[in-house]
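Visitor: Below: sequence and its predicted model.
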2 protein chains.
Amino acid sequence: MSTAPAFRRSEPDARRLSLIEACARVLARAGIAGASVRTIAVEAGVSPGLVGHYFPGVDALIAATYGHTGARVDAALEAAVAAAGDDPRARLEAFVTASFTAPIADPELLATWIAFWSLVRARPEIAALHDEQYGGFRAQLEALLAAAGVARPELRPRAIELTALVDGLWLELCLSPQAFSADEAAAIARAALARIISPDRATG
Amino acid sequence: MSTAPAFRRSEPDARRLSLIEACARVLARAGIAGASVRTIAVEAGVSPGLVGHYFPGVDALIAATYGHTGARVDAALEAAVAAAGDDPRARLEAFVTASFTAPIADPELLATWIAFWSLVRARPEIAALHDEQYGGFRAQLEALLAAAGVARPELRPRAIELTALVDGLWLELCLSPQAFSADEAAAIARAALARIISPDRATG
DNA sequence: CCACTTGTTGTACGACTGTCCAACAAGGTT
DNA sequence: AACCTTGTTGGACAGTCGTACAACAAGTGG
């Protein structure tokens, strides 16, 4: 009678990814306060010591989780834009309203995101990740706005505006779901976009 | 030779306030992770045990700090509006741009605010405080928009929009100061406001 | 079947956490 | 001057934190 293996070995990359995903789940559930090495290890079904084997410290794991989560959000936005077809206006609306449907409109994702925000000031590497993430948002928005015929000097301020508006709506939608609905948030974003794209034919 | 007193007694309200202000400073400096009973006590120049004497637990102290900080922000906004005079448009602009000047445009205040956000999901009392705070923002904005002649059915969505826009701009301005300037943020908020108030005379 | 690499475990360590409470003393009253 | 209320201290307590590391074992090449 041979005993079952006490553990399975994994490909380093696969184990790394499973630790990152476990970290994301813990951040979503309990925020930064609950993201301890032991909690994350239990979530990943792994011994606490293994975290130190793949990451220099818990901060590095959290930074890696930011990168991974940011990439997932980027992918969701890109998919929404791609599904909208070729019309520049439709693509813009898709980008600007995607944050109010799954998988982005999720209080747990916001909890993860807030944890990252809370680290921006203290950890330079997280700050760099943040700058890159939001710079990417604005750059993508500038490209979509340009395709929709927005004048060159307007590109930058309008991209900043829409990024901030969507971020603010997403934040409040997830924090106070009863204050307004996801549909309301999407309608507000669309209305703001309409006012930006066609200033002389503004509509509610 | 008489020794100096080892400590001074304070009025309960004064000591309570000094603990709240120390808590706010710690949250600003180190975020929620650094807000321990001992750290706050040292910041207030007081023994650790005293915190438990004034608050049932550290959570209650943080909640009280949210209330106090929120009231300070409200006061700053109110002062900005009052200083703008009687013109409805000027009052709206003052409200909408006040977040990009001192004392609101402050990375340390944002750090405190992020700490509160991180507690909204877990602590119902913090969630209630948050709903009240942001409900107040929107109600004040609705009143200012109504005074500026915005149509009744537009009041709610435009108040939600402007609150979200200002919040998003403030967030990003404090997290990535090099991405855009406070003046730029104010100009963006003013332009959005202009598009809302006079949809047919939109300006950059 | 043995040897070797290395992913994995479990624990020990010092520092920190929140809560609690007996003892102390400051400041006012009698 | 003796007394009393109560703000305040400082440490005990059990628990958790991040890190480090020796020992173990899974899987592979021989």
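Guide: Received, thanks. The model shown is predicted, which means the values in this text are computed figures rather than measured ones. Numbers count the residues shown, from 1 in each chain, chains lettered A, B, ... in the order given.
Visitor: Mind giving me the packing neighbours of whichever helix in chain A runs longest?
Guide: Assignment by DSSP state H gives helix A:58-83 as the longest helix of chain A. If you count contacts as 3 or more CB pairs under 8 Å, 6 or more residues apart in numbering or on different chains; DSSP states H and E, helix A:58-83 packs onto helix A:12-30, helix A:37-43, helix A:49-54, helix A:88-97, helix A:107-120, helix A:124-147. Quick note: C-beta positions are derived from backbone N, CA and C, even for glycine.
Visitor: Return the set of buried residues in that helix.
Guide: Residues of helix A:58-83 classed as buried: A:61-66, A:69-70, A:73, A:76-77, A:80-81 (neighbour count, 16 or more other CB atoms under 10 Å in any protein chain shown).
Visitor: do stretch A:43-63 as well
Guide: Buried-residue list, stretch A:43-63, by 16+ other CB under 10 Å: A:43-44, A:46, A:50-51, A:54-55, A:61-63.
Visitor: again with stretch A:94-104
Guide: Neighbour-count burial for stretch A:94-104 [16+ other CB under 10 Å]: A:94-100, A:104.
Visitor: Now narrow these to whatever sits close to DNA strand C.
Guide: Applying CB under 7 Å from any atom of the strand, the subset of the buried residues of stretch A:94-104 adjacent to DNA strand C is empty.
Visitor: ok, those residues vs DNA strand C, which is closest?
Guide: A:Ile104 (31.3 Å; CB to the nearest atom of the strand).
Visitor: quick one: is the longest helix of chain A near DNA strand D?
Guide: Yes - Helix A:58-83 comes into contact with DNA strand D (CB under 7 Å from any atom of the strand), by way of A:58-59.
Visitor: Next, the angle helix A:107-120 makes with that helix.
Guide: Interaxial angle of helix A:58-83 relative to helix A:107-120 (axes from the mean of the first three to the mean of the last three CA atoms, to 10 degrees): 130 degrees.
Visitor: How far away from the center of its chain is helix A:58-83?
Guide: Distance, stretch centre to chain centre, for helix A:58-83: 6 Å (CA atoms, centre = their mean, to the nearest Å).
Visitor: Check stretch A:180-198 too.
Guide: For stretch A:180-198, the distance to the chain centre is 20 Å (CA atoms, centre = their mean).
Visitor: quick check, it touching chain B?
Guide: Yes - using CB under 8 Å from any CB of the partner chain, stretch A:180-198 reaches chain B at A:180, A:184-185, A:187-188, A:191-192, A:195-196.
Visitor: and A:Glu21, how many residues sit next to it?
Guide: 15 (other CB atoms under 10 Å in any protein chain shown).
Visitor: Identify the residues contacting it.
Guide: Residues near A:Glu21 by CB atoms under 8 Å, 6 or more residues apart in numbering or on different chains: A:44, A:68.
Visitor: The same query, at a cut-off of 7 Å, please.
Guide: Residues near A:Glu21 by CB atoms under 7 Å, 6 or more residues apart in numbering or on different chains: none.
Visitor: From chain B, how far off is whichever residue of chain A sits closest to DNA strand C?
Guide: Closest residue of chain A to DNA strand C, CB to the nearest atom of the strand: A:Gly49 (2.2 Å). For A:Gly49, the distance to chain B (CB to the nearest CB, to the nearest Å) stands at 23 Å.
Visitor: same question, A:Phe55
Guide: From A:Phe55 to chain B the distance is 18 Å (CB to the nearest CB).
Visitor: hang on, isn't that residue packed against A:Ala63?
Guide: No - taking CB atoms under 7 Å as the definition, A:Phe55 is not a contact partner of A:Ala63, at 8.9 Å.
Visitor: which of the buried residues of stretch A:43-63 sit farthest apart?
Guide: A:Val46 and A:Ala63 (19.3 Å; CB to CB).
Visitor: So which bits of chain A are right by DNA strand D?
Guide: A:5-9, A:34-39, A:48-49, A:51-53, A:57-59.
Visitor: rewinding a little: in space, what's closest to the residue of chain A closest to DNA strand C - neighbours in sequence excluded?
Guide: A:Ala41 (8.0 Å; CB to CB, 6 or more residues apart in numbering or on different chains).
Visitor: again with A:Ala186
Guide: Closest to A:Ala186 by CB to CB, 6+ apart is A:Thr97, at 4.2 Å.
Visitor: got it, and A:Phe116?
Guide: A:Tyr66 (4.8 Å).
Visitor: What of A:Val37?
Guide: A:Val51 (5.0 Å).
Visitor: which ones are touching that neighbour?
Guide: Contacts of A:Val51 (CB under 7 Å, 6+ apart): A:19, A:37, A:40-41, A:58, A:61.
Visitor: follow-up on the earlier one: ok, so of the buried residues of stretch A:94-104, who is nearest DNA strand D?
Guide: A:Ile104 (27.3 Å).
Visitor: circling back to that earlier point, roughly how far does the residue nearest to A:Gly49 sit from A:Ile126?
Guide: 22 Å (CB to CB, to the nearest Å).
Visitor: Does A:Ala122 belong to a helix, a strand or coil?
Guide: Here A:Ala122 is coil, with the state taken from DSSP: H, G, I helix; E, B strand; the rest coil.
Visitor: same question, A:Ser10
Guide: Here A:Ser10 is coil, with the state taken from three-state DSSP.
Visitor: Neighbours of the closest residue to it other than its chain neighbours, how many?
Guide: The shortest distance from A:Ser10 to any residue other than its chain neighbours is 7.3 Å, reached at A:Ser18 (CB to CB, 6+ apart). For A:Ser18, the tally of surrounding residues (other CB under 10 Å) stands at 16.
Visitor: Run a quick check on A:Ser18 versus A:Ala41, I expect a contact.
Guide: No - with contacts counted by CB under 7 Å, A:Ser18 stays clear of A:Ala41, the gap being 10.8 Å.
Visitor: tell me the phi and psi of the closest residue to A:Asp131 other than its chain neighbours?
Guide: In this structure, A:Asp131 finds its nearest non-sequential neighbour in B:Ser176, 5.3 Å apart by CB to CB, 6+ apart. As for B:Ser176, its main-chain torsions (degrees, to the nearest 10) stand at phi -130, psi 70.
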